[in-house]
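S.K.: Generate a structure from the sequence data that follows.
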Amino acid sequence: MLQAKAWRRPVVARSHGEGHRQASWLELLFDLSFVIAVAQAALQLEHRLAEGHPDAAVVSYLLVFAAIWWAWMSFTWFGNVFDTDDVPYRLWMLLMIAGSLGLAAGVPRIAELDFRIGVSSYVVMRLAYVAQWLRVLQSRDPTWRPIAWKVIVLTTLNQAGWVAFLYCPLEWRLPVFVFWFAADVATPVIAGWDARLGGHRGHIVERYGLFTLIVLGESIAAATVAVGRAVETQAAALPLLVLAVGGLVIVFSIWWIYFDLSAGGHGRQAAAPGRAAQIVWGYGHYFVFASLAAIGAGLALAVERLTERENVALPDTGVALAIGAAVAVFLLAVAAIEAADEGAYALRDALVKLGGALAALGAALAAPAPALGVAGSVLAIGLVLAAMVCYGVVLQQRMYAAAR
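M.R.: Okay, here's the model as predicted:
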């Protein structure tokens with residue numbers, strides 16, 4: 001039975017006092033569409049690493065992932081405050097989804113510094129974002145109207161800059177991209193966005209958590225597909241089994257660390273008293289998301305190294321470092337996010353994560369050892385993370401016992 005609903009409603013900012021709002025079906029579709037682009041970025045990272053170009057692979061991956069992340073993040077925060085779920089809102093959001101799919105299709109070309117498809121798709125998404133802010137402007141909310149004006153003007157100018165970027169000489173494209181993207185990312189800060197003005201902390205934390213889960217799932221899927229291909233080639237079973245176990249331990253431990261043993265998954269900073277804590281939490285997740293997707297690419301690369309060694313130009317150390325470095329970035333990013341959580345940060349927790357990051361890098365560097373290899377190195381990284389989980393569980397139990 002159809003529910004009576006107006007096709008267009010006024011855009012009114014949500015209050016922190018409202019009850020928790022779960023992620024809508026459209027928001028979940030939005031997240032899934034962006035993960036397609038994430039999967040493409042991770043696949044290109046794997047291919048470029050296999051070709052033996054780690055520097056170019058990492059740089060292009062970080063650039064592509066930055067564009068994906070920023071389009072997702074900026075609108076996710078907007079929806080947290082202004083989700084009317086009426087027909088215009090849905091249509092603009094569907095246009096953003098279409099743009100994300102175009103960006104995914106353009107990822108392989110971006111790796112070759114051909115930005116035409118990627119920039120065109122990105123501009124479509126960002127102009128849809130501007131259209132949503134125009135509705136906020138029309139609402140004449142005295143709190144949000146000046147912010148809306150600044151966001152609309154700055155974002156529109158940024159998109160004009162991206163169109164001009166397509167005509168930039170090839171040798172200038174990398175520095176110009178970094179500079180112009182930094183200006184794009186700075187827009188909310190310059191405009192005066194402050195999470196304390198409205199929205200749901202629980203909802204934004206849920207959105208970030210769901211995206212983390214989806215990216216983790218993409219990493220599992222990438223590794224599983226790679227192992228499946230390897231089995232069909234009748235490769236040696238034991239190294240593949242060790243690699244698969246190590247990969248699963250890494251993913252499971254990361255889930256436990258993020259959602260249960262760190263402040264990052266709790267999102268206390270999402271509407272914290274200080275804007276600095278909000279910014280660190282919101283922006284710091286770029287490194288969390290990017291590292292998680294890179295772990296999936298690294299695991300797939302490790303499978304290829306074990307089964308089709310001649311197709312991977314990187315040595316064992318380089319392959320293992322693709323995973324170890326991603327794990328280290330994840331741990332350091334979570335530690336930095338925790339550092340911004342005033343009153344909850346402990347030096348001990350930072351030292352544990354720093355030690356885990358160094359141990360993960362050490363396990364990767366030990367890959368050439370005959371007793372380890374790539375598979376043994378991945379398992380060692382997994383055991384490092386598992387030890388961190390055990391430490392956290394024991395510490396939680398001691399805190400619980402002391403509180404009783």
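
S.K.: where does residue 114 land on pLDDT?
M.R.: Residue 114 carries a pLDDT value of 81.

S.K.: do you know how far it is from residue 64?
M.R.: As judged by Cβ to Cβ, to the nearest Å, residue 114 and residue 64 stand 12 Å apart. Bear in mind the C-beta positions are built from the backbone N, C-alpha and C, glycine included.

S.K.: So these two - more neighbours on which side?
M.R.: For residue 114 and residue 64, the more surrounded residue by other Cβ atoms under 10 Å is residue 64, and the numbers stand at 27 against 15.

S.K.: For the protein, give me the ranges with low pLDDT.
M.R.: Where the chain drops to pLDDT under 70, the residues are 1-4, 16-17, 19, 230-231, 233-236, 263-274, 341-346.

S.K.: Residue 245 sits in which helix or strand?
M.R.: Using DSSP states H and E, residue 245 falls within helix 237-260.

S.K.: list the buried ones in the helix or strand just after that helix?
M.R.: Heading C-terminal from helix 237-260, the first helix or strand you meet, by DSSP H and E, is helix 275-307. Residues of helix 275-307 classed as buried: 277-307 (neighbour count, 16 or more other Cβ atoms under 10 Å).

S.K.: picking up where we left off before, next one: the helix holding residue 245 to chain centre, how far?
M.R.: 19 Å (Cα atoms, centre = their mean, to the nearest Å).

S.K.: Tell me what angle it forms with helix 275-307.
M.R.: Going by axes from the mean of the first three to the mean of the last three Cα atoms, to 10 degrees, helix 237-260 is angled at 170 degrees with respect to helix 275-307.

S.K.: Tell me the secondary structure at the nearest residue to residue 145 once chain neighbours are set aside.
M.R.: Nearest non-adjacent residue to residue 145, counting by Cβ to Cβ, 6 or more residues apart in numbering: residue 137, 6.2 Å away. With DSSP: H, G, I helix; E, B strand; the rest coil as the basis, residue 137 sits in helix.

S.K.: Please name the residues that touch residue 137.
M.R.: Taking Cβ atoms under 8 Å, 6 or more residues apart in numbering, we find residue 137 in contact with 145, 148-149, 152.

S.K.: returning to what we had before: contacting residues around the helix holding residue 245?
M.R.: For helix 237-260, using Cβ under 8 Å, 6+ apart, the contacting residues are 209, 212-213, 216, 219-220, 223, 227, 230-231, 264-265, 288, 292, 295, 299, 302-303, 306-307, 323, 327, 330-331, 334, 373-376, 378-383, 385-386, 388-389, 392.

S.K.: Just the buried positions in it, please.
M.R.: Residues of helix 237-260 classed as buried: 239-240, 242-244, 246-247, 249-258 (neighbour count, 16+ other Cβ under 10 Å).

S.K.: can you pick the most crowded of the contacts of residue 137?
M.R.: Going by other Cβ under 10 Å, residue 148 tops the contacts of residue 137 with 24 neighbours.

S.K.: In contact with that residue, which residues are there?
M.R.: Taking Cβ under 8 Å, 6+ apart as the test, what residue 148 contacts is 133-134, 136-137.

S.K.: for it, phi and psi?
M.R.: phi -60, psi -40 (degrees, to the nearest 10).

S.K.: Give the burial count for residue 348, as a bare number.
M.R.: Neighbour tally, residue 348, other Cβ under 10 Å: 9.

S.K.: and residue 157, how many neighbours does it have?
M.R.: Using other Cβ under 10 Å, residue 157 is surrounded by 12 other residues.

S.K.: Mind listing what's buried along the helix or strand it falls within?
M.R.: Using DSSP H and E, the element containing residue 157 is helix 145-165. Within helix 145-165, the residues that count as buried by 16+ other Cβ under 10 Å are 147-148, 150-152, 154-155, 158-159, 161-162, 165.

S.K.: Out of those residues, which comes closest to residue 396?
M.R.: Nearest to residue 396 among these, counting by Cβ to Cβ, is residue 147 at 40.1 Å.

S.K.: Could you pull up the residues touching the most centrally placed residue in the chain?
M.R.: Note on the chain: the residue nearest the mean C-alpha position is residue 289, at 2.3 Å, using Cα atoms, centre = their mean. Neighbouring residues of residue 289 by Cβ under 8 Å, 6+ apart: 38, 65, 69, 211-212, 215.

S.K.: swap the cut-off to 10 Å and go again
M.R.: Residues in contact with residue 289 (Cβ atoms under 10 Å, 6 or more residues apart in numbering) are 34-35, 38, 65, 68-69, 72-73, 208, 211-212, 214-216, 330, 333.

S.K.: and if you look at residue 117?
M.R.: 102-110.

S.K.: looking at it, residue 366 is touching residue 384, isn't it?
M.R.: No: in this structure residue 366 lies outside contact range of residue 384 using Cβ atoms under 10 Å: 11.6 Å.

S.K.: Show me whatever sits in contact with both of the two.
M.R.: With Cβ under 10 Å, 6+ apart as the test, residue 366 and residue 384 both reach residue 324.

S.K.: Restricted to buried residues, select the contacts of residue 148 in PyMOL.
M.R.: With 16+ other Cβ under 10 Å as the criterion, this PyMOL line picks the buried residues out of the contacts of residue 148:
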select buried, resi 133+136+137
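
S.K.: Tabulate the contacts of residue 148 (CSV), appending distance to residue 348.
M.R.: Formatted as CSV, the contacts of residue 148 follow (distance: Cβ to Cβ, whole Å):
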residue, distance to residue 348
133, 43
134, 48
136, 43
137, 48
